[in-house]
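*Asks:* show me how the following folds:
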Amino acid sequence: MTCIGKRVAAIAGRSGDRTKQDDVDLKDSAAKVKVTCKALWEDPMYFRWVTTFIWALVGAFNFGIIGDFTLFFIYLEEDLKSSVLELNWLGTLPWILFTVFAPLTTPLVKVLGYRSTLVGSNLACALGLFATSFPHQIWPMYITYSLVYGGGAVIYYVAGCFYITGYFDQKSCTGPVSSMGFFFELAVLVFSPVIQVTADAWGWRWSLRLLSACTLVVSGLLIIFIRKPPLDLSGRIVSPISDDDDQRERSSNDHESYLELATTKAETGKVSVTTSRGRYLKIMSMPSFWILELTVILSFTSLSFSLINLGSYLTSVGVSTRVTVILHSFLAGGGVVGRALVMFFSHKLPVPISSIFPVISILNCFLTILILTTSSVPVLYIYSTSESLGS
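*Replies:* Predicted coordinates:
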């Protein structure tokens with residue numbers, strides 16, 4: 001490590017101890033900024049927050065567009081003259097692909113690494129969006145949008161979750177991982193008026209191309225700010241600061257200890273597999289597990305209505321596109337508040353967070369049934385705010 005790097009590590013160390021010389025160095029504002037930037041870039045304890053922010057920000061472009069599919073639903077229904085069933089499958093398939101592409105993400109990360117996997121999946125999203133803007137029939141869109149774009153978004157999300165948990169332990173990773181959900185709702189809030197304005201002015205095809213270009217540009221952030229975390233999937237300790245002898249020695253010792261741990265795990269592997277199977281069977285025999293599964297299915301059913309069919313439904317009952325966009329923005333605004341509550345207060349709940357799922361799902365289903373029986377604008381605003389707050 002260079003002299004400047006050692007000074008940065010000393011001043012911005014995890015222990016927080018300061019010396020008189022450190023105070024002298026930090027009196028100059030320029031030196032203070034330099035030290036802060038160095039610490040953010042070199043110390044994994046600080047850099048992990050930067051890289052989490054970049055991962056969530058870039059992911060917001062991908063899932064934010066998926067969340068705004070209900071607006072594209074209106075334009076596609078008018079332009080392509082497609083049936084509601086065909087458009088439903090077009091918007092639903094990206095969510096279904098979680099079960100297909102999620103298991104493939106781990107071997108991809110092991111072969112390609114985090115940076116290549118995240119950049120490649122984001123480029124697939126940009127390419128899929130761009131290709132979706134050309135067909136004049138819906139069938140090619142099942143490949144360009146649902147498969148390429150949706151599959152790329154799924155791989156990006158799952159690989160990013162693996163990546164973030166390499167920087168945070170089990171007790172502190174809930175907030176960083178759920179930051180993607182917060183940025184997702186924020187992106188839906190921002191993209192809703194953007195899509196409406198650009199689609200009305202240039203057409204929905206150029207609106208898609210604009211979003212594709214934005215997705216392509218933010219890939220550069222991934223190239224810069226994604227690096228191998230201290231703990232990768234194979235269990236080896238790899239620190240981003242690796243150019244001094246002490247760090248190499250510590251990394252070597254950590255590597256040896258992890259090799260010993262891996263040997264121990266290999267010896268008890270069969271017992272672990274048997275125990276794991278027994279736990280799965282025990283969980284599946286619990287009535288509370290099936291109640292939770294049922295409530296999650298009901299909750300996602302009502303959520304899919306707001307993400308896919310809401311725009312078409314509002315148009316069919318005489319609500320204008322402008323009011324539809326406002327209602328969708330309210331939907332995203334409530335989601336921003338709900339995700340923020342999960343990020344900052346989920347670990348302080350007096351009850352397990354899983355016990356809240358049944359209440360949320362019942363509320364969501366009730367609100368969905370309510371707006372299907374009435375098209376009153378105040379009720380629609382209440383639905384848009386409460387539905388996303390609970391989801």
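
*Asks:* can you report phi and psi for Lys228?
*Replies:* Phi and psi for Lys228, reported as degrees, to the nearest 10, are phi -60, psi 130.

*Asks:* swap in Gly91?
*Replies:* phi -80, psi -20.

*Asks:* quick one, what contacts it?
*Replies:* Neighbouring residues of Gly91 by Cβ atoms under 8 Å, 6 or more residues apart in numbering: 66, 69-70, 73, 307-308. Where C-beta positions appear, they are placed from N, C-alpha and C, glycine not excepted.

*Asks:* distance check, it against Tyr145.
*Replies:* From Gly91 across to Tyr145, the span is 9 Å (Cβ to Cβ, to the nearest Å).

*Asks:* what's the domain layout of the protein?
*Replies:* 3-41, 47-233, 289-344+351-391 (automatic domain parsing).

*Asks:* deepest in the core, which of these is it.
*Replies:* Scoring the domains of the chain by mean neighbour count under mean count of other Cβ atoms under 10 Å gives domain 47-233 as the most buried, with a mean of 19.

*Asks:* so which other helices or strands are in contact with the longest helix belonging to the chain?
*Replies:* For the chain, the longest helix by residue count, based on DSSP state H, is helix 174-202. Here helix 174-202 touches helix 44-67, helix 69-80, helix 150-165, helix 204-217, helix 321-345, going by 3 or more Cβ pairs under 8 Å, 6 or more residues apart in numbering; DSSP states H and E.

*Asks:* just the mean pLDDT for it, thanks.
*Replies:* Mean per-residue pLDDT for helix 174-202: 82.

*Asks:* quick revisit: now tabulate the domains of the chain in JSON lines and tack on distance to Leu281.
*Replies:* As requested, those are arranged in JSON lines below (distance: least, Cβ to Cβ, whole Å):
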{"stretch": "domain 3-41", "distance to Leu281": "43"}
{"stretch": "domain 47-233", "distance to Leu281": "21"}
{"stretch": "domain 289-344+351-391", "distance to Leu281": "11"}
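
*Asks:* ok, which of the ones you listed comes nearest Lys282?
*Replies:* domain 289-344+351-391 (9.4 Å; Cβ to Cβ).

*Asks:* how about stretch 280-292 as CSV, C-alpha atoms only?
*Replies:* The C-alpha trace of stretch 280-292 is given here as CSV (Å, rounded to 0.1, in the frame of the first residue of the first chain):
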residue,chain,number,x,y,z
TYR,A,280,-37.8,-29.1,4.6
LEU,A,281,-40.2,-32.0,5.3
LYS,A,282,-40.9,-30.6,8.8
ILE,A,283,-41.6,-27.1,7.4
MET,A,284,-43.9,-28.5,4.7
SER,A,285,-45.9,-30.4,7.3
MET,A,286,-46.6,-27.2,9.3
PRO,A,287,-50.1,-25.6,8.7
SER,A,288,-48.6,-22.2,9.1
PHE,A,289,-46.3,-22.8,6.1
TRP,A,290,-49.2,-23.4,3.8
ILE,A,291,-51.1,-20.5,5.2
LEU,A,292,-48.1,-18.3,4.4
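
*Asks:* how much space between Gly335 and Trp95?
*Replies:* Gly335 is 16 Å from Trp95, by Cβ to Cβ.

*Asks:* any idea of the pLDDT on Gly5?
*Replies:* 44.

*Asks:* what does the one 3 residues further on give?
*Replies:* The predicted local distance difference test score for Val8 is 42.

*Asks:* do the one 3 residues further on as well
*Replies:* The per-residue pLDDT reported for Ile11 equals 43.

*Asks:* equivalent analysis for the one 4 residues further on, please.
*Replies:* Among the per-residue scores, Ser15 shows a pLDDT of 44.

*Asks:* Gln170 too?
*Replies:* pLDDT, Gln170: 64.

*Asks:* so where's the stretch 151-300 of the chain uncertain?
*Replies:* Counting by pLDDT under 70, the stretch 151-300 of the chain contains low-confidence residues at 170-171, 174, 230-276, 295-296, 298-300.

*Asks:* hmm, 80 instead?
*Replies:* For the stretch 151-300 of the chain, the stretches with pLDDT under 80 are 169-182, 185, 229-281, 283-284, 288-300.

*Asks:* if I look at Ile164, how far off is Cys173?
*Replies:* 6 Å.
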